[in-house]
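# after the sequence you'll find the predicted model.
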Amino acid sequence: MNRRYSVYVIELSDEAGKRLNPHLPCVYVGQTFRTPEERFYQHRKGKKSSRWVKRYGIRLRPDLYEHHNPIKNRNIAELVEKTLAGNLADEGYTVFGGH
């Protein structure tokens, strides 16, 4: 099977980071073999979902991830996910996910 992977970033409402960093924008970073749109829909419907996205997810932020996709394999996707999460945190986002 020749799957293509993607990383994605979902904007979360400010309520998600209220206790952690109330003045920073919040995002969730993940990776998937589905399209980012399909994966966001799954999160919102509670299927293999992050509680953060299910409760606080607003919209995808392709401006923060599109340039990384597509990715050839899962190992690389996991590395890109972790790196992207770290970079966004360094840029001033409160980041959920991205492990």
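The structure has been received and is ready for your questions.

# using the three-state scheme, assign residue 11.
strand (DSSP: H, G, I helix; E, B strand; the rest coil).

# let me fix that, I meant to ask about residue 76.
Counting by three-state DSSP, the backbone at residue 76 sits in helix.

# please list all residues in contact with it.
With contacts defined as Cβ atoms under 8 Å, 6 or more residues apart in numbering, residue 76 is in contact with residue 5. To be clear about C-beta, it is placed using only N, CA and C from the backbone, and glycine gets the same treatment.

# for it, give me the pLDDT.
pLDDT recorded at residue 76 is 97.

# which residues are in contact with the helix or strand hosting residue 54?
Assignment of secondary structure by DSSP states H and E places residue 54 within helix 51-56. Helix 51-56 is contacted from outside by 10, 12-13, 15-16, 26, 28, 40, 43-44, 46, 96-97, using Cβ under 8 Å, 6+ apart.

# now with 10 Å?
10-18, 26-28, 30, 39-40, 42-47, 49-50, 96-97 (Cβ atoms under 10 Å, 6 or more residues apart in numbering).

# any of these buried? List them.
Neighbour counting by 16 or more other Cβ atoms under 10 Å classes 10-12, 16-17, 26-28, 30, 39-40, 42-43, 50, 96-97 among the contacts of helix 51-56 as buried.

# just those: which are in strands?
In strands, judged by DSSP state E, the following of the buried ones among the contacts of helix 51-56 are found: 10, 11, 12, 26, 27, 28, 30, 96, 97.

# ok, residue 86 - contacts?
The contact partners of residue 86, taken as Cβ under 10 Å, 6+ apart, are 29, 95, 98.

# pull the distance from the helix holding residue 54 to the chain's centre.
11 Å (Cα atoms, centre = their mean, to the nearest Å).

# same thing with stretch 35-48?
With Cα atoms, centre = their mean, you get 11 Å for stretch 35-48.

# give me the most central residue, the protein.
Among the residues of the chain, the one closest to the centroid is residue 29, at 2.1 Å (Cα atoms, centre = their mean).

# so what's the residue count around the nearest residue to that residue once chain neighbours are set aside?
Among residues not flanking residue 29 along the chain, residue 98 sits closest, at 3.8 Å (Cβ to Cβ, 6 or more residues apart in numbering). When neighbours are defined as other Cβ atoms under 10 Å, residue 98 has 22 of them.
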